[in-house]
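Q: sequence first, then the predicted structure:
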Amino acid sequence: MNESVNLTVFFEDPFWVAVYERTAGRKLQAARVVFGAEPKDSDVYEFFLKNWSRLRFSPAVAAGRREKTEINPKRMQRKIHRRVAASGAGTKSQQALKLLQEQNKQERREKSKEAKEAEKERKFGLRQQRRKEKHKGR
């Protein structure tokens, strides 16, 4: 099985962001880390060494095949512009991160819904208890 790892650090206004991609076979997973100020290379390396086990990777998505042949840089640039214009901006890692974001959003919605239901039941129980106490003549 062919495995590869890729780290990209870029500025996404107003923070510096690192996207860590790992590809195993034909499946790609990505994790996104937000840094505050511009990190040094040593800071990024140290962060990933210490926090590797705590990174939350997205679910695996199908990764496309990469071309291994050398391409003229200008030709490659024209190719990229055509693809972006046709399909819109968005890489596989961005799609994987979006999938992770949607899953987290769904989990948050479910938790808040359960909390609202529990609060509703608690208030109903209190109302019932007050009504019973009124009828007891206290």
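A: Now that the structure is in, tell me what you want to look at.

Q: every contact and neighbour count from this point should use C-alpha atoms.
A: Noted.

Q: contacts for stretch 21-38, please.
A: With Cα atoms under 8 Å, 6 or more residues apart in numbering as the test, stretch 21-38 has contacts from 1-7, 15-20, 55-65, 92-94, 96-97.

Q: which parts of that stretch are buried?
A: For stretch 21-38, a neighbour-count test (16 or more other Cα atoms under 10 Å) marks 21, 22, 23, 28, 29, 30, 31, 32, 35 as buried.

Q: include secondary structure when you put these into CSV, please.
A: Below are the buried residues of stretch 21-38 laid out as CSV (DSSP: H, G, I helix; E, B strand; the rest coil):
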residue, secondary structure
21, strand
22, strand
23, strand
28, strand
29, strand
30, strand
31, strand
32, strand
35, strand
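
Q: just put these in TSV and tack on pLDDT and distance to residue 128.
A: Listed next are the buried residues of stretch 21-38 as TSV, based on pLDDT from 0 to 100; distance: Cα to Cα, whole Å:
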residue	pLDDT	distance to residue 128
21	84	55
22	82	56
23	82	57
28	83	54
29	84	51
30	84	50
31	85	49
32	85	48
35	84	51
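
Q: let's see the helix or strand containing residue 78 as PDB, backbone CA atoms only.
A: Element membership for residue 78, per DSSP states H and E: helix 73-87. Only the C-alpha atoms of helix 73-87 are listed here, as PDB (Å, rounded to 0.1, in the frame of the first residue of the first chain):
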ATOM      1  CA  PRO A  73       5.500  25.000 -15.400                       C
ATOM      2  CA  LYS A  74       3.600  27.300 -17.800                       C
ATOM      3  CA  ARG A  75       1.600  24.400 -19.200                       C
ATOM      4  CA  MET A  76       0.800  23.300 -15.600                       C
ATOM      5  CA  GLN A  77      -0.400  26.800 -14.700                       C
ATOM      6  CA  ARG A  78      -2.700  26.900 -17.700                       C
ATOM      7  CA  LYS A  79      -4.000  23.400 -16.900                       C
ATOM      8  CA  ILE A  80      -4.700  24.500 -13.300                       C
ATOM      9  CA  HIS A  81      -6.500  27.700 -14.400                       C
ATOM     10  CA  ARG A  82      -8.700  25.700 -16.700                       C
ATOM     11  CA  ARG A  83      -9.600  23.200 -14.000                       C
ATOM     12  CA  VAL A  84     -10.400  25.800 -11.400                       C
ATOM     13  CA  ALA A  85     -12.500  27.800 -13.900                       C
ATOM     14  CA  ALA A  86     -14.500  24.700 -14.800                       C
ATOM     15  CA  SER A  87     -15.000  23.100 -11.400                       C
END
